[in-house]
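S.K.: Structure for the following, please:
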Amino acid sequence: KKKKKTTKTWAVVFLCFCFPLAPVLMFSMRLSVQLLLLVAASHMTVQANRLDDLIYTDLQGKDMCFRLLNADGQIGCTSGEDGAVGSLFLMTTDADLTTFEDVSRDSIWLVSSSMFAKPAVLQAALQDTYLKGILVFNDNTDPTWSADSQLPNFHSGLPYGYSGNVNNVYNTLGGGFNIQFNNGSEGAVLLDIGFPIFAVEDSEYQALLACYNAHNLDGEYPLCGAQLTSWMWGAGDAATCLRRGYCDPLSNQSPWGTVRPLSSSDEVVMLAAQIDSLALFRDRAYGSNADTAGAIAVVAAAELLGRASNNASRTLPKNIMFSLFHGEALGYIGSSRMFSDIRNGFFPTSSTPISLDSITHYIELNQLAAGTDSFTIYAYNASATKVTDITTALQTSATVGATGLTFVAPASNLELPPVSLRSVLYEQKSDQRMRSFGGVAVGDYTSTGFNNKYYHTQFDKGTNFFFNDSSSAQVTRICNMAKVAARAAWSLAANQSAGNIVMDDTVNCTWVAEMLSCMTVNKQCSLVDRYVGFFGTGPMNRYISVSLERGTGFLLAALAEALAASRTFGATQDNCPFTNTPPGFQFYKQGDICLNTTTFTLQAQSPAFDGYSLRDNRDPRHSTWTESRWDNSIRVRYFLVASPTQQKALLGGGIAMLVGSVGLALLAQKYVSQRLTP
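M.R.: Numbers count the residues shown, from 1 in each chain. The predicted model follows:
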């Protein structure tokens, strides 16, 4: 009895002592539990990241099909916010396409480039509910096709079928889809695809193929699968997207320059070229022949006329201007901006404008490398006096320069190809002005279609035109074209026969070859280092984008150097600023050299935009293209996919564990509360 009494006494003492501390003890226990949960959560996050790395293998390449929007709607690709998931299905033959018809599980196609070039493949993909995304690998065939329409830029510039002329199809390898017109003439780039498509590098394809061969050949789980994430914020149309802040107007810079400072009283002979291209994959619009060949020829002609030995070119009766238009592949953005500004009295500035009448002659160098040494001249009105003058100047210059080039005079019944001249003519706003305008375009193709078999695809790269060989016939042809264009421009500016012009016409073909190689083969080269600095390897991407990029900077630097009137050493940002304020001379810093040049840039943004908004009174044939924004979640990764039964079992088990854990936690909390509540 004494022992029991002693125990009871100590219990009373303990309760009397601890009762006032009960709230403190309760708080301490809760705090401890919270700290334990925090540590556990942190540990679980680390473990989850490790588990994620164990489950998924990320691919480094992010060359994706993306989304563009205009006033009428949207085109291109996107995934859901969480990406698109499916097991891999290898497609390299037509038989594989037939086999997939029997597949009834979510799939990601692993398609060869030669198969993807067939419109039937994308048509089948758009109709299949089990297809969630596509990965395209290069099977080293470089298929001949075009992702653009048979009539590119159908809705911009001068309308097709004008004046009853024959509606020539120049991009014969394009089309394949019925988007607005039920004639199969529209290209893959105009499709609203709605699922992600990525191009993968060779090494990435080998990794995917190894995973596929190890797990997918027998059709048994686990299967090798992939997750493709390319969530685009923009949706609907350009007006909606801009209002929500989910997209940006396509915009870059169009370099231009003159042999002497441009004056409002000047008459001008213009040499022009496009400097952008297009492809289904945003960062693979290489445009080696679509734009680069003509652009380099114009820059080389500028260097010829701008050198000290040809200083007389700066004092001719007419000024000579060199224009490199950006954004032409998506509605003639650069050319419509320049000539709209000229028409409205804003170019080069509103205080010193030139007029449409100031441009007496216009020569555009288009595709130059895919055909032979015979070029066709295209014009709106073949019989116009100024067109005849240009034709004569080109033909005579080719003969005098012993270039081996020939120029076929323009035919009166041919539709103009998709060149910037269509936009230039449209801005004249008068058939009378168009018929008298002295404008021509020169191309390496005839009315039967482009010789460029890769127009507006990722295969329009320099190696397919031998730009990696400085002695190739294609490089020589571009050098000769620069010689012809320079002499013809001098002839027209001097009002003299090309045969009477005394000039240094030796083209710096070493420089031309290096520019072609740097732009279309590998931008890791000394000329890029000198002009804009290192920015990767491989060909330069020629897509317009939404801001100035180094590909444009490269051409700007080349043109600034070509037209430099003087050079000084010891250049800094302070003593050699690029102010881009025409007319007159301006400084351009190139390394430690300060160029005193007559080269500038004009913003290549469609006249349809007023800043970041579409104009209410915009011209319906001005481009309204915008690019959707996206975040940093763009990714491609592959992993093993468990069977649906196993996935359901894991889900059920996880739910059961969750319910059990919650129940135990509630019981534990109730028990602790009862024990500690006084």
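S.K.: pLDDT below threshold where in this structure?
M.R.: Counting by pLDDT under 70, the chain has low-confidence residues at 1-53, 163-167, 644-651, 676-678.
S.K.: can you count the residues close to L90?
M.R.: By other CB atoms under 10 Å, 19 other residues sit near L90. Backbone N, C-alpha and C define where each C-beta goes, glycine included.
S.K.: Would you agree it is in contact with C211?
M.R.: No: contact between L90 and C211 fails when scored by CB atoms under 8 Å: they sit 10.8 Å apart.
S.K.: All the helices of the stretch 201-350 of the chain, residue numbers only.
M.R.: Assigned by DSSP state H, counting those that start in this stretch, the helices in the stretch 201-350 of the chain fall at 202-215, 238-244, 293-306, 333-343.
S.K.: how about a markdown table for these, with mean neighbour count and distance to D616 added?
M.R.: Shown next, in a markdown table, are these (neighbours: other CB atoms under 10 Å; distance: least, CB to CB, whole Å):
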| stretch | mean neighbour count | distance to D616 |
| --- | --- | --- |
| helix 202-215 | 16 | 47 |
| helix 238-244 | 18 | 10 |
| helix 293-306 | 28 | 35 |
| helix 333-343 | 26 | 16 |
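S.K.: Between those, which one is closest to Y671.
M.R.: Across those, the minimum distance to Y671, taken as CB to CB, is reached by helix 202-215, at 48.5 Å.
S.K.: helices or strands up against the closest one?
M.R.: Packing contacts for helix 202-215, counted by 3 or more CB pairs under 8 Å, 6 or more residues apart in numbering; DSSP states H and E, involve strand 57-59, strand 84-91, strand 107-112, strand 131-137, strand 223-229, strand 635-641.
S.K.: let's go with 7 Å and repeat that
M.R.: Packing contacts for helix 202-215, counted by 3 or more CB pairs under 7 Å, 6 or more residues apart in numbering; DSSP states H and E, involve strand 84-91, strand 223-229, strand 635-641.
S.K.: ok so, going back, need the helices of the stretch 201-350 of the chain in TSV (columns: distance to Q428).
M.R.: As requested, the helices of the stretch 201-350 of the chain are exported to TSV (distance: least, CB to CB, whole Å):
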stretch	distance to Q428
helix 202-215	49
helix 238-244	27
helix 293-306	22
helix 333-343	8
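S.K.: so which of those helices comes closest to Y162?
M.R.: That would be, of the helices of the stretch 201-350 of the chain and by CB to CB, helix 333-343, which comes in at 16.8 Å.
S.K.: Show me what that closest one is packed against.
M.R.: Contacting helix 333-343 under the criterion 3+ CB pairs under 7 Å, 6+ apart are the following elements: strand 319-325, helix 421-426, strand 599-605.
S.K.: could you point out which element follows it?
M.R.: Counting by DSSP states H and E, the element after helix 333-343 in chain order, helix or strand, is strand 359-365.
S.K.: Parallel or antiparallel, which strands does that next one pair with?
M.R.: strand 268-274 (parallel), strand 439-443 (parallel) (DSSP bridges).
S.K.: mind checking which of the helices and strands packed on helix 333-343 is nearest S397?
M.R.: strand 319-325 (13.8 Å).
S.K.: Show me what the closest one is in contact with.
M.R.: Taking contacts as CB atoms under 7 Å, 6 or more residues apart in numbering, the residues outside strand 319-325 that touch it are 254-260, 262, 266, 268-275, 295, 298, 302, 305, 313, 334-335, 338, 420, 489, 493, 555, 559.
S.K.: could you check the angle strand 268-274 makes with that strand?
M.R.: Taking axes from the mean of the first three to the mean of the last three CA atoms, to 10 degrees, one finds strand 319-325 and strand 268-274 inclined to each other by 20 degrees.
S.K.: tilt between strand 319-325 and helix 293-306?
M.R.: Going by the same axes, to 10 degrees, strand 319-325 makes 150 degrees with helix 293-306.
S.K.: Which strands border strand 319-325, and is each parallel or antiparallel?
M.R.: Strand 319-325 is paired, per DSSP bridges, with strand 251-258 (antiparallel), strand 268-274 (parallel).
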